[in-house]
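# sequence-free structure coming up:
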């Protein structure tokens, strides 16, 4: 017999969607416990794993059984669990890991934010300002525990799309590049490693720069400088390329214009601007960017943009959108030149 190709009844499809939050919580707990890190050598039971991860055997089994039902682990003979390609992505080591992202999306602050989505939709205001009385980036300045979870998640995501961005864009003729708001510098480090002729500068707030000193840029520090400041006031001047990955989407248009105008004022003649954000497409197809757009509504107050919205925003800040370059990582490059 062939499997049925009939669509699921609506109530089954909706139930699957509703349970997405439960699945995210389970996967986040599995990642936080570090279960996938222990399975590379072979299958283990919950009893064998419990002492290694600091958990009770029976509840751990129930968690692992649930995760296995969605392909994160595989339960075999005798209640032993094996690694799967999906659980392997949750290991703390390896070239690609989503462990930090899984932990962040299951964090109480993230859950609290999404619990207030209706409030954000009704008011246009942000959830954490209602819950904690301050915006996310202000909260993280005096909550290093939250900042550490967030920064780890952002680095994990950057490991996915940084190589794709470095390979998708030709930096021929470019000598210098400034990464504005580049976190601990993984994207900049990846580009510098792919293009040995380039020199780069990472521009971030002071607290993030401190973390970058021992981060991914260490192997290329002979061609890189670290600079701190406030991107809403100014950026370092004199670069051939200014780039920002997942920065502009954090902010509404007015703060975004301040950043873009600062880059326009500092760019060298013939230089370019590269913005790496989702570009929302028309239609009803699934698009992760449409849900990240809600993430921006809930937390920092920004939004993902369509190509038309990017065109208008860039034009208002002295840039001309030249092209949108797709990448294998799913995050396109919006390339602009001085208008």
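Received the coordinates, thanks. Worth saying up front: this structure is predicted, and the values here are computed from it rather than measured.
# Next, the buried residues of stretch 295-311.
295-305, 310-311 (16 or more other Cβ atoms under 10 Å). In short, each C-beta sits where N, CA and C put it, glycine included.
# Name the nearest of those relative to residue 205.
Within the buried residues of stretch 295-311, the smallest distance to residue 205 is 14.2 Å, found for residue 300 (Cβ to Cβ).
# which other residues reach the helix or strand harbouring residue 336?
Under the criterion of DSSP states H and E, residue 336 resides in strand 333-338. With contacts defined as Cβ atoms under 8 Å, 6 or more residues apart in numbering, strand 333-338 is touched by 165, 168-169, 264, 267, 271-277, 279, 310, 314, 318-325, 327.
# between the buried residues of stretch 295-311, which is closest to residue 194?
Checking the buried residues of stretch 295-311 against residue 194 with Cβ to Cβ, the nearest one is residue 310 at 25.2 Å.
# Can you verify my assumption that that closest one contacts residue 276?
No - taking Cβ atoms under 8 Å as the definition, residue 310 is not a contact partner of residue 276, at 11.6 Å.
# Please, where are all the strands along the stretch 201-339 of the chain?
Counting by DSSP state E, counting those that start in this stretch, the segments of the stretch 201-339 of the chain that form strands are 224-228, 239-245, 267-276, 279-280, 305-306, 319-325, 333-338.
# Most tightly packed of those?
strand 239-245 (a mean of 25; mean count of other Cβ atoms under 10 Å).
# Quick check: which helices or strands does that strand pack against?
helix 144-168, strand 176-180, helix 253-266, strand 267-276 (3 or more Cβ pairs under 8 Å, 6 or more residues apart in numbering; DSSP states H and E).
# For residue 67, which residues are in contact?
So residue 67 contacts 26, 27, 30, 73, 87 (Cβ under 8 Å, 6+ apart).
# Could you give the secondary structure assignment for it?
For residue 67, the assignment made with DSSP: H, G, I helix; E, B strand; the rest coil gives helix.
# thinking again about what came up before, out of the helices and strands packed on strand 239-245, flag the one nearest residue 239.
strand 176-180 (4.3 Å).
# Relative to residue 31, how far out is residue 316?
41 Å (Cβ to Cβ, to the nearest Å).
# neighbour count winner among the two?
residue 31 (28 against 14; other Cβ atoms under 10 Å).
# What does the pLDDT read for residue 214?
You'll see residue 214 listed with a pLDDT of 88.
# Against residue 243, how distant is it?
22 Å.
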